[in-house]
Every structure is written in structure tokens, then in C-alpha cells.
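In: based on what follows, work out the 3D shape:
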Amino acid sequence: MDDERSFTIMVVPPGEGDTRTLSLTPRRLRGLMVLAVVAVVVGGVMLASWGYLAARHWRAVQLEGEVAELRAEREQIAELASALAETEAAYERIRTLFTPGALPEAGPGALPPPPAGAGGEASGIGAERPTEWPLSQRGFITQPLVEGGDASHPGIDVAVAAGSYIRAAGPGRVVEAAEDPVYGLYVIVEHGGGYRTLYAHASHLAVEPGDLVRPGEVLGLTGSTGRSTAPHLHFEILLDGLPVDPLTLVQQP
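Out: Modelled structure (predicted):
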């Protein structure tokens, strides 16, 4: 005979409801307590795990945001570095344009010979088109040819430092070497076949009308004479008296 004592729990609802009783033996009560303790422990572990995972998730979201910000900053830095490099290159080009070179002493002995391999003969006017770059330096084109209208510009302007060599774009004869209120000191070379070239705003002329020149031969030195605001060469190619875009015949080095 089981003589274990039991615990009775009575549940009396308010009003006229039925009274309920629950009898618990010590063994059953201990079991329920063990289950309760296990449930509390498991719940605590689950709660702690959830908190840890939530914290890790929130940290991952923060890191993703920081990585995105760093990537954006890196792209901005790359763009700024590229813009800075372009600005420095442009500054260097402009600085060299306004750095006067040493002006060589006038006279044939002070002028360099035509570049090696320059073709053409200076013995007469042929039918060769002018195809040589008219400067010893690359320069910087600041104004292209513009045809028609009030803003017409019959040639190209190439900014270079004052004192740079102006070279003949092809073989021919100097037909004009003079000064003009607009062009300043200028030279016109006739090449034959209807072609003429004009070089303006020089600071010094090294040729005279009637001189025969070879491609690359020095005609003078660049400057800012005439209607000009900075040292540059105004270069024109004329075919039968009409302007031709120089960049269709000569190539900037």
C-alpha cells in the first residue's frame, strides 16, 4: 500500500463555477520542479543565444555600412587623385607657356638647322603640300579654325613659350615677312600648287622675302606681337587664297 502523502491544490473560481482539485505526490512535484528548472535553463540559453546572434547581426550591418562608406570614400579619393593629376598637368602646360625661353641671338649662325630627315628642296617652289608641324614644340592648341560668322578664325592658335622656334611647314619661298597691326610680325611662305602658309605674332623674324626654305627651317621666334594677349603662334594654311584647316594636313606631335 502506497503511504506517500500527497499535496492537494484546490482551485475555487469566483461565482458558482466548479471547484477543481489537483493532487500531487512528492515524486510528481519533484518532477515538475525539475522540468521547471530545465525549462528555465533552456529558455535562458536560448535567450542568451538570441541576444548574441542579434548583437552579431547588428554588428554585421554596421560593418557593411562602414565598408560601403569606405568604398565610396575610396572612389572619391581616386576621382580626386585623377582630377589633381589632370590639374597638375594643365598647370605644368600653362606654366611652360609663360616661361620665356632664352632668345637666341639673331643671325644665321644662331639658328638651328632643319630637323634631320626633313624632305623637300629649297631650290625652288614645288607642288608639295605643307605637312610639317610649324613649331619645335608640341604646344597647346587654344583656338581651332572657325569658318563664317563674326567669330571666324582662319587658322589655329598654338600657345607656346615666347622664343620658341617657328619652322616652315614645307618647302617653298618666303613671299612676305613684315609687320601687321593684327598679326604683328608675320611670315608667308608659298609652297606651290596653290598652297601658302602664314605664321603670325612672332617676336623675331629670321627670313626675308625671296628666301627659299626647307621643311622645318626656322622662320623666326614665337612672341605676342600684334593683337595678342599671350605668347602663341597663329598658323594658317591657304589653298588658292581660301583657309584650310591646318589639322587636316599637319599633325600635332
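
In: tell me the mean pLDDT over the longest strand anywhere in the chain?
Out: Longest strand in the chain by number of residues (criterion: DSSP state E): strand 195-205. Mean pLDDT, computed over strand 195-205, is 95.

In: strand partners of that strand, parallel vs antiparallel please.
Out: Pairing partners of strand 195-205, with direction, according to DSSP bridges: strand 184-192 (antiparallel), strand 218-222 (antiparallel), strand 232-239 (antiparallel).

In: next SSE after it?
Out: The element immediately downstream of strand 195-205 (helix or strand, assigned by DSSP states H and E) is strand 212-213.

In: point to the residue nearest the middle of this structure.
Out: Against the mean C-alpha coordinate of the chain, by Cα atoms, centre = their mean, the closest residue is Glu86 at 5.0 Å.

In: pLDDT value on it, please?
Out: 78.

In: list the helices and strands the helix or strand hosting it packs on?
Out: With elements taken from DSSP H and E, the one containing Glu86 is helix 26-97. Counting contacts by 3 or more Cβ pairs under 8 Å, 6 or more residues apart in numbering; DSSP states H and E, helix 26-97 is packed against strand 140-143. Placement of C-beta: from N, CA and C, glycine included.

In: show me the contacts for Pro134.
Out: The neighbours of Pro134, taking Cβ atoms under 8 Å, 6 or more residues apart in numbering as the test, are 158, 166-169, 197, 199, 233, 235, 250.

In: what's the distance between it and Thr21?
Out: Applying Cβ to Cβ, to the nearest Å, the value for Pro134 to Thr21 is 118 Å.

In: about what we covered before: could I get the buried residue list for the longest strand of the chain?
Out: For strand 195-205, a neighbour-count test (16 or more other Cβ atoms under 10 Å) marks 195-205 as buried.

In: can I get those residues in TSV including distance to Pro144?
Out: Conversion of the buried residues of strand 195-205 to TSV gives the following (distance: Cβ to Cβ, whole Å):
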residue	distance to Pro144
Tyr195	20
Arg196	19
Thr197	17
Leu198	16
Tyr199	17
Ala200	16
His201	17
Ala202	21
Ser203	24
His204	26
Leu205	26
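
In: widest-spaced pair of the contacts of Pro134?
Out: In these, the most distant members under the criterion Cβ to Cβ are Val158 and Ala168, with 15.0 Å between them.

In: just to revisit the earlier point, out of the strands paired with strand 195-205, the one nearest Leu212 is which?
Out: Each of the strands paired with strand 195-205 was scored for nearness to Leu212 using Cβ to Cβ, and the closest is strand 184-192 (9.7 Å).

In: return the distance of the closest one from the chain's centre.
Out: 37 Å (Cα atoms, centre = their mean, to the nearest Å).

In: likewise stretch 204-222?
Out: Taking Cα atoms, centre = their mean, one finds the center of stretch 204-222 at 37 Å from the center of the full chain.

In: buried sites along it?
Out: So for stretch 204-222, counting by 16+ other Cβ under 10 Å, buried means 204-207, 211-222.

In: check the residues you listed and tell me the two furthest apart.
Out: Across the buried residues of stretch 204-222, the two lying at the largest distance from each other (Cβ to Cβ) are Leu212 and Thr222, at 22.4 Å.

In: which strand or helix spans Ala177?
Out: strand 172-180.

In: list the buried residues in that strand.
Out: 172-174, 177.

In: which among those gets closest to Glu128?
Out: Gly172 (8.1 Å).

In: nearest spatial neighbour of the closest one, skipping sequence neighbours?
Out: The shortest distance from Gly172 to any non-neighbouring residue, by Cβ to Cβ, 6 or more residues apart in numbering, is to His191 (3.9 Å).
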